[in-house]
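Visitor: this is the structure alone, sequence omitted:
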């Protein structure tokens, strides 16, 4: 019979909880970076669309402002 079954059980629970928490934080950070990179790519594509005459500059400015706002809301510093 084990001398400390509750301590071992709670240690396993706390250990698994800690590992899960760290993994979720890492996934969240990766998703934020991916979202920011996508928004930056879209800003670049909008620039190409303005150059090719597919989008007028005032519409492009609105899109770019919104995308930059998303990047700021994500907490990413460029």
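Guide: Right, received. Where do you want to start? Computed from a prediction, not measured in an experiment: that's the story for all the values here.
Visitor: distance of the most centrally placed residue in the chain from residue 14?
Guide: Residue closest to the average C-alpha location in the chain (C-alpha atoms, centre = their mean): residue 32, at 0.8 Å. For residue 32, the distance to residue 14 equals 27 Å [C-beta to C-beta, to the nearest Å]. For glycine as for every other residue, the C-beta is placed from the backbone atoms N, C-alpha and C.
Visitor: related to what we said a few turns ago, in which helix or strand would I find the residue nearest to the centre of the chain?
Guide: helix 5-51 (DSSP states H and E).
Visitor: helix or strand right after that helix?
Guide: Sequence order places helix 57-74 as the next helix or strand after helix 5-51, per DSSP H and E.
Visitor: and that following helix, which residues are buried?
Guide: Residues 60, 63, 64, 67, 71 are the ones in helix 57-74 that count as buried (16 or more other C-beta atoms under 10 Å).
Visitor: min pLDDT across these, which one?
Guide: By pLDDT, residue 71 ranks lowest within those, coming in at 90.
Visitor: for the protein, which spans come out with low pLDDT?
Guide: Scanning the chain for pLDDT under 70 picks out the ranges 1-4, 77-78.
Visitor: could you report the neighbour count for residue 36?
Guide: Neighbourhood size, residue 36 [other C-beta atoms under 10 Å]: 19.
Visitor: now residue 57: how far from residue 67?
Guide: 15 Å.
Visitor: over to residue 56?
Guide: Remark: distance between residue 56 and residue 67 (C-beta to C-beta) = 17 Å.
Visitor: quick one: the residue nearest to the centre of the chain and residue 76 touch, right?
Guide: Yes. Residue 32 is in contact with residue 76 according to C-beta atoms under 8 Å; the separation is 6.7 Å.
Visitor: residue 39 and residue 32, how far apart?
Guide: In terms of C-beta to C-beta, residue 39 sits 11 Å off from residue 32.
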